[in-house]
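K.L.:
need the 3D shape of this:
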Amino acid sequence: MDVLCLGIAVADAIGRPIDVIPEKARLALFDRMELHTGGCPLNTAIALSKLGFSSGLIAKVGHDGFGDFLIHSLEQAGVDTRGVVRDPEASTSFTFIMVSSDGERRFLHTMGANATFRFEDVRLDLFGEARVLCIGGSYLMPRFDGEGTSATLRAARARGLVTCLDTAYNDRIPDWYGLMAPCFQHLDYFLPSVEEAERISGRSRPEDMARFFRDQGCKVVAIKLGSRGCYVLGPQAGRLHPSYRVQPVDTSGAGDSWVAGFLAGLLRGLSLEECADLGNATAAHCILAVGCTTGIRPLADVQAFQKATPRR
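P.N.:
Model prediction:
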């Protein structure tokens with residue numbers, strides 16, 4: 001495997017367009033409902049496979065129909081599922097995504113089996129088959145976040161893997177920094193969204209957030225800025241990378257696709273700046289279709305898009 005992804009797996013039911021939430025005992029109509037795969041590492045694994053790279057997933061799902069759906073979808077996409085554990089008691093994690101007319105999203109989520117995922121569920125033997133370990137969904141795995149994540153990163157580093165981590169937003173977390181603090185020194189790449197980076201660092205400007213995380217021990221920090229693109233800080237000066245001009249249909253999975261594009265650039269030996277731009281281009285493809293990975297194209301198509309499409 002080029003990349004072994006690890007973390008949350010979610011069944012996403014996407015309804016659109018939903019611009020108004022009805023009052024109690026009232027009915028509101030919307031046009032379309034679709035069932036898709038979801039969860040940061042699962043989306044990233046499928047996107048990487050669509051880009052032309054080999055990937056695997058370590059995660060936990062329930063013994064239910066949604067779990068069957070996720071595993072079947074992964075296998076259909078060519079993702080290695082040997083690391084997916086099935087919980088006999090917990091249900092598969094589920095999100096209802098309400099997509100408004102302008103493509104923005106609101107979420108209702110149940111953690112399900114992700115809440116029972118822990119370090120003991122990690123197939124450490126698979127680490128020897130991968131080049132990169134990418135953890136996704138931190139802050140949505142209460143039995144794994146913090147020390148479990150740190151132990152996993154240490155094990156990956158000991159086996160020579162490149163390490164990266166992508167976070168998720170959870171407004172119930174009382175101490176964002178405390179959970180992530182044990183992990184920073186074991187990270188080659190830290191890839192949070194700007195909202196998550198702000199909660200962890202206590203800073204408000206992307207460049208200040210990035211410097212904070214690098215001072216904590218992260219080698220490279222890339223902060224996803226949504227429609228603005230991303231801010232990336234490596235060993236040298238940081239830089240804002242503007243997004244590509246496209247009309248969004250559904251922004252679900254954009255950040256996860258960005259991670260896939262960024263990692264694809266690393267695997268191809270591109271510069272840090274080129275990796276960031278490839279992440280932006282992959283995310284642009286994602287938001288052109290409903291679903292977290294539906295719009296992802298092979299790497300050659302994404303690179304052709306980069307040459308033909310202006311930036312914001």
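
K.L.:
could you pull out the strands in the stretch 151-300 of the chain for me?
P.N.:
Here the stretch 151-300 of the chain has its strands, by DSSP state E, counting those that start in this stretch, at 162-167, 189-190, 220-224, 230-233, 239-241.

K.L.:
okay, and the helix or strand of this protein with the least pLDDT?
P.N.:
None of the helices or strands of the chain scores lower by mean pLDDT, DSSP states H and E than strand 105-110, at a mean of 86.

K.L.:
wait, which of the strands of the stretch 151-300 of the chain is closest to Trp176?
P.N.:
Closest to Trp176 of these is strand 162-167 (CB to CB; 8.8 Å). To be clear about C-beta, it is placed using only N, CA and C from the backbone, and glycine gets the same treatment.

K.L.:
what's the closest one packed up against?
P.N.:
Judged by 3 or more CB pairs under 8 Å, 6 or more residues apart in numbering; DSSP states H and E, strand 162-167 is in contact with helix 40-51, strand 132-138, helix 147-158, strand 189-190, helix 254-267.

K.L.:
and the angle from it to helix 147-158?
P.N.:
Relative orientation of strand 162-167 with respect to helix 147-158: 160 degrees, computed using axes from the mean of the first three to the mean of the last three CA atoms, to 10 degrees.

K.L.:
in its sheet, what does strand 162-167 sit against?
P.N.:
With DSSP bridges as the test, strand 162-167 is paired with strand 132-138 (parallel), strand 189-190 (parallel).

K.L.:
turn the ones you listed into TSV, including distance to Met111 and mean neighbour count.
P.N.:
Formatted as TSV, the strands paired with strand 162-167 follow (distance: least, CB to CB, whole Å; neighbours: other CB atoms under 10 Å):
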stretch	distance to Met111	mean neighbour count
strand 132-138	10	27
strand 189-190	23	26
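
K.L.:
that older thread, in CSV, list the strands of the stretch 151-300 of the chain along with distance to Ala77.
P.N.:
Below are the strands of the stretch 151-300 of the chain laid out as CSV (distance: least, CB to CB, whole Å):
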stretch, distance to Ala77
strand 162-167, 19
strand 189-190, 23
strand 220-224, 23
strand 230-233, 25
strand 239-241, 27
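
K.L.:
redo these as JSON lines? Include mean pLDDT.
P.N.:
Output for these, formatted as JSON lines (pLDDT from 0 to 100):
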{"stretch": "strand 162-167", "mean pLDDT": "98"}
{"stretch": "strand 189-190", "mean pLDDT": "98"}
{"stretch": "strand 220-224", "mean pLDDT": "98"}
{"stretch": "strand 230-233", "mean pLDDT": "98"}
{"stretch": "strand 239-241", "mean pLDDT": "96"}
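
K.L.:
Ile200: which of those is closest?
P.N.:
That would be strand 162-167 among the strands of the stretch 151-300 of the chain, by CB to CB, at 7.5 Å.
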